[in-house]
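S.K.: sequence-free structure coming up:
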């Protein structure tokens, strides 16, 4: 098969699924479910094939000229395929979860149609070969996630979706301005051609710095960098599968991934360091990490607490980028994947508590560990991973951030990590205490807010299976971090490509 087949086919599976789903009748539950799962499995197979091929030195790329000096480029490289692998795997579990979560809901055709467009957008971002292609899919992601945030159709959901659209469309405009300025300076730069900008480093220093921060402003909205994060907590009115999508798979990760691309594949780590850009990124990340943790501590509802936790945790990726050296890069890239595994687990669990017991507030979780043990074990593993307890994946990210800070001569970062970990513990451990050590309705103390019995186990199998699977993956990724194709091992490959001659 030609090198163009796999990138195009990977996108086509989701685009074709979306088109067919929009044409299916609302009541075609089995056909829609089969189509969703088939497309998700095909994507995993195609991405896995490209992972194998890249390891053996094969290339996968295709491009189409759009204007003179500007092309639409799809290209699978080590960094892009890492993000595509995360998206494909977690999308399968999000699809299974969404099928169970929305089983009795209206407008499922609309939901799953835009759901498939959303995954196509995310994979397009992963496989984009230049900033122009990245921008196309970045904007498509905005438009395809808006109906998902607004899905419930009530005033609160519509207000949150409108706010989300204002933030992200403005961010897209800012990103386009930066892209046009960069194109005027250096032409159509393909990802990985960082030597082109390096030639301008001395004579265009001020211009390059200004363009960089314009691009960061455009990417920082989706990455939820303070003060550009305001849309994210409000978007928690969306259904649990959408919350998982926003935080662990698509939107927030797309912003963080874009910053990774900008530093490593457009400017290059050497040029970014020589221009003093990495120190600024580390400072922005530090503010975001501490602010997000403090705001999470103040939340009384579970999903908003998890939302502000995302604001904090995703900035570990940006902090790792700000540490000049391979260890910081390994920390940033591995955490991009590790945080996705942990956070999707936590949001799945929050959705299970809401669907099975009607729980939304943290003070309603008393005794839920005995009523829903598998969900609560998964939540516990996700929370402990976020705190950084070994051998869970969150510990690996923080370990490499700490050692990367020493390597980069920035020991103050270790203090930031210590304070952040203490704040993580302060807002997660009380939840775990309520789950496992406080008496609940099953001990004769009150009732659950709105208990239902959705399955023969603690809840519906559709809701339980993804929770158990993602929690298990986060444990295995920590225990077997040194094996081939794990997030840490693949992040090390990418770091070596960046820093080794």
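M.R.: Good, I have the coordinates. Just so it is clear, the structure is predicted and the values come from calculations on it, not from any experiment.
S.K.: Can you give me the buried ones in the helix or strand hosting residue 123?
M.R.: Taking DSSP states H and E as the definition, residue 123 sits inside helix 108-127. When neighbours are counted by 16 or more other Cβ atoms under 10 Å, the buried residues of helix 108-127 are found to be 108-109, 111-127. Just so you know, the C-beta spots here come from the backbone N, C-alpha and C atoms, and that holds for glycine as well.
S.K.: tell me the mean pLDDT for it?
M.R.: Helix 108-127 comes out with an average pLDDT of 91.
S.K.: so how far is that helix off the chain centroid?
M.R.: 14 Å (Cα atoms, centre = their mean, to the nearest Å).
S.K.: That one packs against which elements?
M.R.: Helix 108-127 sits against helix 5-23, helix 29-55, strand 70-76, helix 78-101, helix 131-149, helix 251-261, with contacts defined as 3 or more Cβ pairs under 8 Å, 6 or more residues apart in numbering; DSSP states H and E.
S.K.: Pipe the ones you listed into a markdown table and attach mean pLDDT per row.
M.R.: Shown next, in a markdown table, are these (pLDDT from 0 to 100):
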| stretch | mean pLDDT |
| --- | --- |
| helix 5-23 | 91 |
| helix 29-55 | 90 |
| strand 70-76 | 91 |
| helix 78-101 | 90 |
| helix 131-149 | 92 |
| helix 251-261 | 91 |
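S.K.: Looking at those, which is nearest to residue 216?
M.R.: Among those, the nearest to residue 216 by Cβ to Cβ is helix 251-261 (6.7 Å).
S.K.: Could you point out the helix or strand that follows that closest one?
M.R.: With DSSP H and E setting the assignment, the helix or strand that follows helix 251-261 is helix 269-274.
S.K.: mind listing what's buried in that following helix?
M.R.: The neighbour-count check on helix 269-274 (16+ other Cβ under 10 Å) flags 269, 271, 272, 273, 274 as buried.
S.K.: in the following helix or strand past it, what's buried?
M.R.: Under the assignment DSSP H and E, the closest C-terminal helix or strand after helix 269-274 is helix 277-297. Residues of helix 277-297 classed as buried: 277-282, 284-286, 288-293, 295-297 (neighbour count, 16+ other Cβ under 10 Å).
S.K.: quick one, helix 277-297 and helix 251-261 angle?
M.R.: Angle of helix 277-297 versus helix 251-261, following axes from the mean of the first three to the mean of the last three Cα atoms, to 10 degrees, is 160 degrees.
S.K.: Now do the same for helix 277-297: mean pLDDT, whole number.
M.R.: Per-residue pLDDT over helix 277-297 has a mean of 94.
S.K.: Residue 219 is in contact with residue 172, correct?
M.R.: No. With contact defined as Cβ atoms under 8 Å, residue 172 does not reach residue 219; the gap is 10.1 Å.
S.K.: between these two, who's got more neighbours?
M.R.: Neighbours per residue (other Cβ atoms under 10 Å) separate residue 172 from residue 219, with residue 219 holding more: 27 against 20.
S.K.: my read is the more buried one is in a helix, agree?
M.R.: Yes. Counting by DSSP: H, G, I helix; E, B strand; the rest coil, residue 219 is found in a helix.
S.K.: what's near enough to touch it?
M.R.: 171, 175, 255, 258, 259, 262 (Cβ atoms under 8 Å, 6 or more residues apart in numbering).
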